[in-house]
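Participant: dropping the sequence and predicted coords here.
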Protein chains: 2
Amino acid sequence: MSSIYNFSAGPAALPPEVIAQAQQEFGNWHNSGLSVLEIGHRSAAFVALAEQIQSDLRELLNIPKNYQILLLPDGATYQFSWVPMNLLRGNKQADYVNTGVWSQKALVEAKRYCEVNIVASNAETGRTTIPAQARWALNKNAAYVHYTANETIDGLEFSWLPNVGTVPLVSDMSSTLLSMPLDIKHFGLIYAGGQKNLGANGLTLVIVREDLLGNALPLTPTLGNYQVQAENHSLYNTPPTYAWYLLSLMLRWVQTQGGVVVMAERNKRKAEKLYRFIDNSDLYSNNVDPCCRSRMNVIFRLRKPELEKKFLLAAEQRGLLGLHGHRLVGGLRASLYNAMPEAGVDALLEFMEDFEKNM
Amino acid sequence: MSSIYNFSAGPAALPPEVIAQAQQEFGNWHNSGLSVLEIGHRSAAFVALAEQIQSDLRELLNIPKNYQILLLPDGATYQFSWVPMNLLRGNKQADYVNTGVWSQKALVEAKRYCEVNIVASNAETGRTTIPAQARWALNKNAAYVHYTANETIDGLEFSWLPNVGTVPLVSDMSSTLLSMPLDIKHFGLIYAGGQKNLGANGLTLVIVREDLLGNALPLTPTLGNYQVQAENHSLYNTPPTYAWYLLSLMLRWVQTQGGVVVMAERNKRKAEKLYRFIDNSDLYSNNVDPCCRSRMNVIFRLRKPELEKKFLLAAEQRGLLGLHGHRLVGGLRASLYNAMPEAGVDALLEFMEDFEKNM
């Protein structure tokens, strides 16, 4: 087999250049004689790395000065708790938009800490489109409005920014961050798990407007208190140093590729090519409203579902990995994060065409 | 310089064999064509690795069947919250033994969720000894008794197991786990951060007796609910897969070294050698009660404190790294976790002798 392409939704593919560098310097980082894994998180070298991450992120995403960048451990799921614990600020209710499995999980978790208003939902209509904002029942007294910018399991993505007035807008951007330019000042808080475009699982990025900090509920664990993490530069306790290191390599890689504008163009081309092929095919189908199709996670099915197993096996033999849908919904899915080259999508299309011909 | 030895308290040194293997297979794990970082946490290969970790741990530590082994994200600090949230079980109070910086942090965090009884403390007497159990004011109505088996910053370690009757005994064993055999059934719950003897930071091991599960406070985040984590084999969300992988390598390494009995003998020899040298020296000193000296973290000072900076610089030039004390207490510290070979201690002693002669 020639090349291997990993279409997994996460842990997702990494750029070959990043893997090569990480492997090369694994045992002896910056001539320290130590493995990257052994570098102390309070050492001058690591503190410099942490500062570089901050300045690279600010530059790549044009993050305003009144926003803090936090690097927190574990996946985005933790933020489902930390967001209400930190952002309720004396309010008793929060607005949630329910567009798929992940927004549903976020709002269920929030119910432990406040009253949750579901301002719009596609749960009853099959998760194939995103309710237009004109139909959202927003509450003026909500502490914040939460939405999931991309639903990795349902294959949906917002192509627009919700406009919620002065109520802080909060977004799970796990699949979105670094995939395109973003108007950060439109948001109160953005969070993103690491395993998509940020390098490795075990790390979540939080970008939060400073005026929202300092009001965590008393029951908030110290590590989940954004204010404490901000004051300690995310070094209150030993952070997942290796994930920070990988993030630093990923940021440099995005820079060398030309930044998030180039990423956005490339990601658009990859997704459009794949959706066009699916729409023109007799075998493959995608039932998501074209206005709301995810650029990052292209879900599809075979019109003959009994062939899906065969499809996955044959794909694997061609070096096309991770094409199964999420275990909750089944079917097929191709995730096209930053590290997926256009050649990977071309190889997938070639295979899909061959499979349709020869089945 | 010949060899480099890393005496850091964590992220601590890793065995050269583990670093070499991790580097060698970094880009192509088990002939998958994928980097270890890209392996899906629901893939057959990763599930097999997870099962191997469970069985290796059970074998190495002789963990009874009625104990669950959880692999949770981030450091031990999270457990300072999860322990009360999960183990209060309708009780309103918990007993804490205060023997150093870490037990103090644990009890401060517990106060968010319950009444904390400090049953014994060395805070007023300078943190140089561990109060004998005869003087502990245990409460029969406590939900559990918590103690820190080893205080990494203060250089103290329990050489005995507290006896607390039928009240569940809970211990922070971050520095202890895998360093020696342990009578697991003596405990209700043990937790240990990964960055000492388990491979990498970003992972914490929890070993918990099954009958204590299932009573988490309603405000507990789903990820902090031990019962949920147990039911999901610690795979409720994407775990820090790379830290799990490193743990698997570390367990294999301990097995090839001869298991925890061999580790215990080696760790005892290393620490005794260093304490003996310090006690016989005119320059170096350690004021911890000999009964309670840590085998893992040997703290010491120079009788001429103004020379400590010079000591650290000269040590670094000899390839002896990470010998500074914790930033809260200053001074010097040599951490002697499993991965520190006896040759490392010999090199340190040789240097300390030279330094004393030539200063």
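Facilitator: Arrived safely, thanks for sending.
Participant: count of neighbours near the residue lying closest to residue A:123 once chain neighbours are set aside?
Facilitator: Once its chain neighbours are removed from consideration, residue A:123 has its nearest residue in residue A:98; the separation is 5.8 Å (C-beta to C-beta, 6 or more residues apart in numbering or on different chains). For glycine as for every other residue, the C-beta is placed from the backbone atoms N, C-alpha and C. Residues near residue A:98, counting by other C-beta atoms under 10 Å in any protein chain shown, number 24.
Participant: where does the prediction get shaky in the stretch 1-150 of chain A?
Facilitator: In the predicted model, the stretch 1-150 of chain A carries pLDDT under 70 at residues A:1-2.
Participant: write out the residues of it neighbouring chain B.
Facilitator: When proximity is defined by C-beta under 8 Å from any C-beta of the partner chain, the stretch 1-150 of chain A lies next to chain B at A:1, A:4, A:6, A:8, A:10-14, A:19-20, A:22-23, A:26-27, A:33-35, A:37-42, A:73-75, A:77-78, A:80-81, A:109, A:112-113.
Participant: are any of the residues you listed buried, and which?
Facilitator: A:4, A:6, A:8, A:10-14, A:19, A:22-23, A:26-27, A:33-35, A:37-41, A:73-75, A:77-78, A:80-81, A:109, A:112-113 (16 or more other C-beta atoms under 10 Å in any protein chain shown).
Participant: so which of the residues you listed are in strands?
Facilitator: With strands identified by DSSP state E, the entries of those that belong to them are A:6, A:73.
Participant: quick one: the helices in chain A, in order.
Facilitator: Along chain A, counting by DSSP state H, helices occupy A:16-24, A:44-61, A:79-87, A:101-110, A:226-231, A:241-257, A:260-279, A:308-317, A:342-358.
Participant: now for the residue nearest to residue A:123: which residues touch it?
Facilitator: Going by C-beta atoms under 8 Å, 6 or more residues apart in numbering or on different chains, residue A:98 touches A:104, A:107, A:118, A:120-123.
Participant: ok, residue A:323 touching residue A:7?
Facilitator: Yes. With contacts defined as C-beta atoms under 8 Å, residue A:323 counts as touching residue A:7 at a distance of 5.1 Å.
Participant: and for those two, which residues touch both?
Facilitator: Common neighbours of residue A:323 and residue A:7, counting by C-beta under 8 Å, 6+ apart, are A:333-334, A:348.
Participant: check the residues you listed against chain B, which are close?
Facilitator: Contacts with chain B within the shared contacts of residue A:323 and residue A:7, counted by C-beta under 8 Å from any C-beta: none were found.
Participant: need the residues of the stretch 151-300 of chain A near chain B, please.
Facilitator: A:193, A:195, A:199-202, A:218-219, A:221-224, A:236-243, A:246.
Participant: run the last query once more with 6 Å
Facilitator: Taking C-beta under 6 Å from any C-beta of the partner chain as the criterion, the stretch 151-300 of chain A approaches chain B at residues A:195, A:200-202, A:219, A:221, A:223, A:237-238, A:240-241.
Participant: in PyMOL, select just the buried ones from those residues.
Facilitator: The following PyMOL line selects those of those that are buried, judged by 16+ other C-beta under 10 Å:
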select buried, chain A and resi 195+200+201+202+221+223+237+238+240+241
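Participant: ok, which pair from the residues of the stretch 151-300 of chain A next to chain B is furthest apart?
Facilitator: Spatially, the most separated pair among these is A:200 and A:219, at 30.1 Å (C-beta to C-beta).
Participant: remind me which residues of the stretch 201-350 of chain A are low pLDDT?
Facilitator: Filtered on pLDDT under 70, the stretch 201-350 of chain A yields no residues whatsoever.
Participant: what about 90?
Facilitator: A:201-202, A:327-328 (pLDDT under 90).
Participant: circling back: and the residue nearest to residue A:123, bridged to which residues?
Facilitator: For residue A:98, the beta-bridge partners are residue A:121 (DSSP bridges).
Participant: would you mind measuring from it to residue B:16?
Facilitator: Taking C-beta to C-beta, to the nearest Å as the measure, residue A:98 falls 51 Å from residue B:16.
Participant: count of neighbours near residue A:292?
Facilitator: By other C-beta under 10 Å, the residues close to residue A:292 number 21.
Participant: to clarify, my last question referred to residue A:66.
Facilitator: Under the criterion other C-beta under 10 Å, the count of neighbours that residue A:66 has is 10.
Participant: neighbours of the residue nearest to it when sequence neighbours are not counted, how many?
Facilitator: Distances taken as C-beta to C-beta, 6+ apart put residue A:210 closest to residue A:66, at 5.1 Å, once the chain neighbours are dropped. Here the number of neighbours of residue A:210 (other C-beta under 10 Å) works out to 14.
Participant: OK, contacts around the residue lying closest to residue A:83 once chain neighbours are set aside?
Facilitator: The shortest distance from residue A:83 to any non-neighbouring residue, by C-beta to C-beta, 6+ apart, is to residue A:170 (5.9 Å). Applying C-beta atoms under 6 Å, 6 or more residues apart in numbering or on different chains, we find residue A:170 in contact with A:83, A:144, A:146, A:188-189.
Participant: one step back: can you tell me which of the helices of chain A is most buried?
Facilitator: Mean neighbour counts were compared across the helices of chain A using mean count of other C-beta atoms under 10 Å in any protein chain shown; the top stretch is helix A:79-87, at a mean of 26.
Participant: can you list contacts of that helix?
Facilitator: Here helix A:79-87 makes contact (C-beta under 6 Å, 6+ apart) with A:106, A:109-110, A:113-114, A:143-144, A:170, A:191, A:212, A:216-217, A:220, A:224, A:226, B:221.
Participant: dump it to PDB, restricted to CA.
Facilitator: Coordinates of each C-alpha in helix A:79-87 appear next as PDB, following Å, rounded to 0.1, in the frame of the first residue of the first chain:
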ATOM      1  CA  GLN A  79     -16.000  22.100  30.200                       C
ATOM      2  CA  PHE A  80     -19.700  20.900  30.200                       C
ATOM      3  CA  SER A  81     -19.400  21.300  34.000                       C
ATOM      4  CA  TRP A  82     -16.900  24.100  34.200                       C
ATOM      5  CA  VAL A  83     -18.800  26.500  31.900                       C
ATOM      6  CA  PRO A  84     -21.900  26.600  34.200                       C
ATOM      7  CA  MET A  85     -19.900  26.500  37.400                       C
ATOM      8  CA  ASN A  86     -17.800  29.600  36.200                       C
ATOM      9  CA  LEU A  87     -20.300  31.500  34.100                       C
END
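Participant: list phi and psi for the closest residue to residue A:202 other than its chain neighbours.
Facilitator: With sequence-adjacent residues excluded and distances taken as C-beta to C-beta, 6+ apart, residue A:202 is closest to residue B:240, at 3.3 Å. The main-chain torsion angles of residue B:240 are listed as degrees, to the nearest 10 and equal phi -70, psi 80.
Participant: so residue B:240 sits against residue B:73, correct?
Facilitator: Yes. Taking contact to mean C-beta atoms under 6 Å, the distance of 5.3 Å between residue B:240 and residue B:73 places them in contact.
Participant: residue closest to the middle of chain A?
Facilitator: To find the centre residue of chain A, average its C-alpha atoms and take the closest one (C-alpha atoms, centre = their mean): that gives residue A:174, at 1.8 Å.
Participant: phi first, then psi, for it.
Facilitator: Comment: the main-chain dihedrals of residue A:174 come out as phi -50, psi -40, following degrees, to the nearest 10.
Participant: so it makes contact with residue A:191?
Facilitator: No. When contacts are counted by C-beta under 6 Å, residue A:174 is not listed as touching residue A:191 (7.4 Å).
Participant: shared neighbours, these two?
Facilitator: If you check residue A:174 and residue A:191 against C-beta under 6 Å, 6+ apart, the residues they both contact are residue A:76.
Participant: so residue A:164 sits against residue A:143, correct?
Facilitator: No. Applying C-beta under 6 Å as the test, residue A:164 and residue A:143 come out as separate, 11.8 Å apart.
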